[in-house]
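> coords please:
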Amino acid sequence: MCSVQDGEEISPVRREKIVEERTCMKCEKKAVLVTRVNDAFCRECFMVYVTHKFRAAIGKSKLIRDGERVLVGVSGGQASSCLLHLIQEGLSGRAHKKLRFQPGLVFIDEGVTVGMSAEERLTTCTQVLEIMEKTGFPCYLKALEQAMELDRENASNSPQYSAVETKESDTALGTSGKSVENMAKFHKYDEAEEKLKVLLNSLKSVTAKEDLIKSLRQNILIDLACKKGYSKVMLGHCSTRLAVHLLTDIAQGRGAHVAMDTAFADTRCSDITIVRPIRDFSSKEVTMYNILNNVPTVFIPTITTKAPDSASIEHLTEKFVTGLQADYPSTTSNIMRTGEKLHTEKKKDTESQCAVCQAPLDTDVPPSSALSAVQFSETVSRCSSVTLSICNSDKECCGRGDGSCQSKDPTLTREDVISALCYACRLLIKELDDVNKLPKHILDDISKRQRRIKMKTEIEDFLLDTEDHV
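Below you'll find the predicted structure:
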């Protein structure tokens, strides 16, 4: 029987922890921080510890070669600022063993997602750009709405040049001191901005919006890296953030993609590899590193800023993980160790990858699977309604309107789009009233796949089975 009376506090009062003066576990000097329960460090030993962990992560992978160009994503937050400072220190003359790669920096402005005005977005971009330009590395500035107008087909054929050779059409900002003047011309993507707003407003849940924004951000990074000649994209994801992503992916139906989303190297794209060199850093270690080195950061609001914990799956998962981490310091490390045991097979052809997130398709399942049951239920629920294909061609239509339109550019149907998506991205598309609101490069990719499938069907009787003729 419950003994709590009316007006009494249900949760017990938390006692303040009494922390005695600790000594460094390495050199016996006075400790200035404790990363875990028994890991106390002085300032000098902590810097050596963090630097070694960062350098070891890059060295063990053997993925980044000497002289290789690496695009570093900078968001202005704690983790990306920590990564930028570590790279800057590793390339400086005082480093014991200098890093060998050539970094370029990029910032993606996502102010459109939270309704920031042009002046507010310009102020934010200026603050981040000032931090990036102090490093002396090539700098790029992108807006999230540019993802609506990407041209994937011309990415590999684009001319390659340094960011110092500024081109306004690419919004590449060099270090010549004229960047602030060029930023006044940056936010001029009115049509693309309106398309992105319509797309985000079509999604009902914040979870779907977060998932879409993450995919669009990744598409911009991959596209910029291809056009500018970068073979790697380096992101500042720490272990706490990746642990949240791991549990969020499982909750959203991306369990098959967990290994790619949390591993050191994400090789889902054939030309570009995404690396996460500070994935072994906890959020506490990142924050303490920034404090001890006076690393500047910029706070930029997101769609879940000041939102309740239940606003989205990722926001709720973050609250859960950080709450456990406060009382059980091994929470994130245990989650990460579990995720490292998972593996995802990479698909060789692009048609076996999701058109939105580029992850391998996980929809090739037997008839008795849960996905087949969901698809059957959807078919039964729609059996009473008849959906006609709408011709979207400027030329004269064949006039049938039953899906057999022979016009050059027919509008993609929902079934065409869903067939090219993974399970989790299919859940995202469910909330869209019109799938043709998706970005141009995604629709072009799906249209190309549909034409190839149609062509293969027409000539399949003339194809030889290589396995039977070996």
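> C-alpha only now, for contacts and for neighbours.
Will do.
> Shouldn't Val233 be within a strand?
Yes - Val233 sits within a strand when classified using DSSP: H, G, I helix; E, B strand; the rest coil.
> Just grab the bridge partners of it for me.
In this structure, Val233 bridges to Leu71, Ile274 when assessed by DSSP bridges.
> Check which residues of the longest strand along the chain are buried.
Ranked by residue count and defined by DSSP state E, the top strand of the chain is strand 102-109. Within strand 102-109, the residues that qualify as buried by neighbour count (16 or more other C-alpha atoms under 10 Å) are 102-109.
> Can you give the domain ranges for the chain?
Listed by automatic domain parsing, the domain ranges of the chain are 33-349, 370-420+434-464.
> Where does pLDDT dip in the stretch 301-450 of the chain?
For the stretch 301-450 of the chain, residues meeting the criterion pLDDT under 70 lie at 345-350, 367-370, 374, 376, 378, 381-410.
> try 50 this time
Residue ranges of the stretch 301-450 of the chain with pLDDT under 50: 384-397, 399-405, 407-408.
> which residue ranges form the helices in it?
If you assign secondary structure with DSSP state H, counting those that start in this stretch, the helices in the stretch 301-450 of the chain sit at 313-327, 331-340, 370-381, 414-418, 423-430, 440-459.
> Arrange these in a markdown table, one row each, with mean neighbour count and distance to Lys284 as further columns.
Written out in a markdown table, the entries for the helices of the stretch 301-450 of the chain read as follows (neighbours: other C-alpha atoms under 10 Å; distance: least, C-alpha to C-alpha, whole Å):
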| stretch | mean neighbour count | distance to Lys284 |
| --- | --- | --- |
| helix 313-327 | 16 | 10 |
| helix 331-340 | 16 | 12 |
| helix 370-381 | 12 | 40 |
| helix 414-418 | 17 | 41 |
| helix 423-430 | 19 | 31 |
| helix 440-459 | 15 | 38 |
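> Switch these over to TSV; also include distance to Val128.
Putting these into TSV (distance: least, C-alpha to C-alpha, whole Å) gives the following:
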stretch	distance to Val128
helix 313-327	25
helix 331-340	29
helix 370-381	44
helix 414-418	37
helix 423-430	31
helix 440-459	28
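> ok, the longest strand of the chain: who's next to it in the sheet?
For strand 102-109, sheet partners with direction are given as strand 69-73 (parallel), strand 139-143 (parallel), following DSSP bridges.
> Of those strands, which is nearest Ala265?
Distance to Ala265, taken as C-alpha to C-alpha, is lowest for strand 69-73 among these, at 13.2 Å.
> now the strands paired with strand 102-109 as a markdown table including distance to Gln358 and mean pLDDT?
Listed next are the strands paired with strand 102-109 as a markdown table, based on distance: least, C-alpha to C-alpha, whole Å; pLDDT from 0 to 100:
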| stretch | distance to Gln358 | mean pLDDT |
| --- | --- | --- |
| strand 69-73 | 19 | 95 |
| strand 139-143 | 21 | 94 |
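> Including distance to Cys24 and mean neighbour count, could these go into TSV?
Below are the strands paired with strand 102-109 laid out as TSV (distance: least, C-alpha to C-alpha, whole Å; neighbours: other C-alpha atoms under 10 Å):
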stretch	distance to Cys24	mean neighbour count
strand 69-73	33	24
strand 139-143	39	24
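> Tell me which of those lies nearest to His343.
Shortest distance between His343 and the strands paired with strand 102-109, using C-alpha to C-alpha, is found for strand 69-73: 25.2 Å.
> which parts of stretch 91-103 are buried?
Quick answer for stretch 91-103 (16+ other C-alpha under 10 Å): 91, 99, 102-103.
> Just confirm Val70 contacts Leu235, I think it does.
No - applying C-alpha atoms under 8 Å as the test, Val70 and Leu235 come out as separate, 10.3 Å apart.
> can you give me the helices in the stretch 51-200 of the chain?
Using DSSP H, counting those that start in this stretch, helices in the stretch 51-200 of the chain cover 78-91, 118-133, 179-182, 190-202.
> just to revisit the earlier point, of the buried residues of strand 102-109, which is the nearest to Lys142?
Ile108 (4.7 Å).
> Skipping adjacent residues, who's closest to the closest one in space?
Across the structure, with C-alpha to C-alpha, 6 or more residues apart in numbering as the measure, the residue nearest Ile108 apart from its sequence neighbours is Lys142 (4.7 Å).
> residues contacting the one you found?
Lys142 is in contact with 106-109, 171, 220, counting by C-alpha atoms under 8 Å, 6 or more residues apart in numbering.
> How about Val321?
Residues counted as contacts of Val321 (C-alpha under 8 Å, 6+ apart) are 240, 243-244, 331-332.
> which ones are touching Ala225?
Under the criterion of C-alpha under 8 Å, 6+ apart, the contact list for Ala225 reads 71, 231-233, 272.
> do Lys29 as well
Taking C-alpha under 8 Å, 6+ apart as the criterion, Lys29 is in contact with 23, 42.
> State the distance from it to Thr124.
41 Å (C-alpha to C-alpha, to the nearest Å).
> now do Val365
46 Å.
> and those two? which has more neighbours close in?
Under the neighbour definition other C-alpha atoms under 10 Å, Val365 and Thr124 were set side by side, and Thr124 has more, 17 against 10.
> Make sure that one is actually in contact with Ile300.
Yes - at 7.5 Å, Thr124 and Ile300 qualify as touching, with contact defined as C-alpha under 8 Å.
> what residue ranges in the stretch 51-200 of the chain score low on pLDDT?
If you take pLDDT under 50 as the line, the stretch 51-200 of the chain has these spans: 156-181, 184.
> redo that, cut-off 70
For the stretch 51-200 of the chain (pLDDT under 70), the answer is 152-189.
> export the strands paired with strand 102-109 to CSV and tack on distance to Ile313?
Formatted as CSV, the strands paired with strand 102-109 follow (distance: least, C-alpha to C-alpha, whole Å):
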stretch, distance to Ile313
strand 69-73, 24
strand 139-143, 25
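> And those strands: which comes nearest Pro308?
Closest approach to Pro308 among the strands paired with strand 102-109 (C-alpha to C-alpha): strand 139-143, 27.1 Å.
> any idea how far the closest one is from the chain center?
Relative to its chain's centre, strand 139-143 lies at 16 Å (C-alpha atoms, centre = their mean, to the nearest Å).
> and what of stretch 95-107?
Per C-alpha atoms, centre = their mean, the centroid offset for stretch 95-107 relative to its chain is 21 Å.
> Touching it from outside, list them.
Among residues not part of stretch 95-107, those counted as contacts by C-alpha under 8 Å, 6+ apart are 64-75, 87, 89-92, 128-129, 132, 137-142.
> Now the terminal residues of it, how far apart.
As for stretch 95-107, its first-to-last residue distance stands at 26 Å under the measure C-alpha to C-alpha.
> returning to that earlier point: need the contacts of Val321 in CSV with distance to Val380, can you?
Formatted as CSV, those follow (distance: C-alpha to C-alpha, whole Å):
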residue, distance to Val380
Thr240, 42
Ala243, 38
Val244, 36
Thr331, 44
Thr332, 43
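> Need the max-distance pair from those residues.
With C-alpha to C-alpha as the measure, no two of the contacts of Val321 lie farther apart than Val244 and Thr331, at 10.9 Å.
> Is it possible to get TSV of the buried residues of stretch 91-103 that adds distance to Glu21?
Rendered in TSV, the data for those read as follows (distance: C-alpha to C-alpha, whole Å):
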residue	distance to Glu21
Leu91	36
Leu99	37
Gln102	43
Pro103	41
